[in-house]
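J.: Pasting the sequence and the predicted coordinates here, then a few questions.
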Amino acid sequence: MRKVLVTGGAGYIGSHTVVALIERGFEVVVVDNFCNSSPLVLPRMAEITGVEPQVVEADLLDRSALDDLFSVHQFDAVVHFAGLKAVGESVQNPLLYYKNNVAGSLNLFAAMQAHICLNLVFSSSATVYGDPDSVPIKEDFRLSPTNPYGRTKLMVEEILADLGNANPQWRIALLRYFNPVGAHPSGSIGEMPNGTPNNLMPYITQVAAGTLQQLSVFGDDYPTKDGTGVRDYIHVMDLAAAHLAALLKLPQQETSVRAYNIGTGVGYSVLQMIDAFETESGVNIPYTITNRRPGDIAECYADCERSKRELGWRAHRDLVEMMRDQWRWQSLNPQGYR
Ligand code: NAD
Ligand code: UD1
């Protein structure tokens, strides 16, 4: 493994993974249409690594652009992040999500097949489990996503399973991420959501920065330790390391397609997250308890034994690092990359 194509490599998780790949000596080519990212991330990646990755601005829906890319470069593997990820938007505009996430992925896989590049790491999500019957969640649990975004992830997983059946030479790792948070410890790259954030962590840091007035805690009557929702938050640097581990293990993977949970195995409640942030930053987070958010589940955290055993990977960073790095990124870049 030497040369890797990273789709969506300008995005939040992609940019951290590109940095990890470059630091590990990979030659990286990024393809991104910048629909949810900025080219200004590129010099930041170069600042960290000393190397600016090669970037091709293209849409995965443009099959001929992909063919050109695979004709020019001989890739050993693809790490596929490119996709849309806003649950609410996927409910409002399902066709946009099926087209971008499913049709875009089909184009990519067709180009890979045509150019005989059969090694792939795919960004899936814990959202494929929907509301689990129990926790911690194992990879063989029932898959039952509850929204169009989640269904695009499951559809792509199923397409990949069929590809692996048709040609056992494929080597495909499906990484099911739990809740990514944090930023590169340099504070140079991180996530800056467009508009008001939907996710808890960026909401907390924007309240801390004074951009937002107060946090709404969506329900305190769940059957959890303190009544608020429990999630498995994972530092984006650990997530990037998981991609590296999966990529390096692909050639020895026993089956053509394998799913891995990528989390810490520990669940924290919303109130614990607020408390941890306040302790780390010294900034008070005003909040009110509101109704539950429709579609939310009580509790979700991973059983990560398979990733530990088969990928030799586990998360190392704790809540303090997640809070510190997310806050450093937010404080140094109140306007994101602008
Ligand atoms: P992101 O939006 O920051 O990054 C996605 C990147 O893909 C962006 O740079 C965007 O411009 C690009 N992109 C989207 N559609 C494209 C297309 N058709 N052609 C070319 N480029 C395109 O998101 P992220 O948080 O880095 O997530 C990366 C992947 O991980 C996504 O597939 C997402 O669904 C999945 N995931 C994310 C989370 C999370 O909480 N962030 C959780 C689970 C899974
Ligand atoms: C959401 C997505 C999920 C996606 C994940 C990525 C939904 C329904 N699910 O999951 O598909 O994979 O992000 O990280 O959108 N919370 C508040 N106040 C807020 C925001 C969140 O109390 O302003 C609570 C939520 O109720 C939840 C927890 O914080 O208990 C985490 O929420 P969030 O960061 O949105 O992640 P998920 O809901 O797990």
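T.: Yep, it's here. Residues are numbered from 1 along each chain as shown. Ligands and ions are numbered 1, 2, ... in the order given.
J.: Would you map the strands across the stretch 151-300 of the chain?
T.: The residue ranges that make up the strands of the stretch 151-300 of the chain, judged by DSSP state E, counting those that start in this stretch, are 171-177, 179-181, 215-218, 230-231, 233-235, 257-262, 268-269, 287-290, 299-300.
J.: Let me have the ones you listed in CSV, adding mean neighbour count and mean pLDDT as columns.
T.: Backbone N, C-alpha and C define where each C-beta goes, glycine included. Formatted as CSV, those follow (neighbours: other C-beta atoms under 10 Å; pLDDT from 0 to 100):
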stretch, mean neighbour count, mean pLDDT
strand 171-177, 24, 98
strand 179-181, 24, 98
strand 215-218, 18, 98
strand 230-231, 23, 98
strand 233-235, 25, 98
strand 257-262, 24, 98
strand 268-269, 20, 98
strand 287-290, 12, 98
strand 299-300, 22, 98
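J.: got a list of what Val87 touches?
T.: Thr127, Asn147, Tyr149, Gly150, Asn198, Gly295 (C-beta atoms under 8 Å, 6 or more residues apart in numbering).
J.: which SSE is Glu52 in?
T.: Under DSSP states H and E, no helix or strand contains Glu52.
J.: so it makes contact with Pro39?
T.: No: in this structure Glu52 lies outside contact range of Pro39 using C-beta atoms under 8 Å: 10.8 Å.
J.: Quick check: buried residues in stretch 45-61?
T.: Met45, Ile48, Thr49, Pro53, Val55, Val56, Ala58, Asp59, Leu60 (16 or more other C-beta atoms under 10 Å).
J.: go on, stretch 71-85?
T.: His73, Phe75, Asp76, Ala77, Val78, Val79, His80, Phe81, Ala82, Gly83, Leu84, Lys85.
J.: Dihedrals phi and psi, the residue of the stretch 201-338 of the chain found nearest ligand 2?
T.: Going by C-beta to the nearest ligand atom, ligand 2 is nearest to Gly229 of the stretch 201-338 of the chain, at 2.1 Å. Backbone torsions for Gly229, taken as degrees, to the nearest 10, come to phi -60, psi 140.
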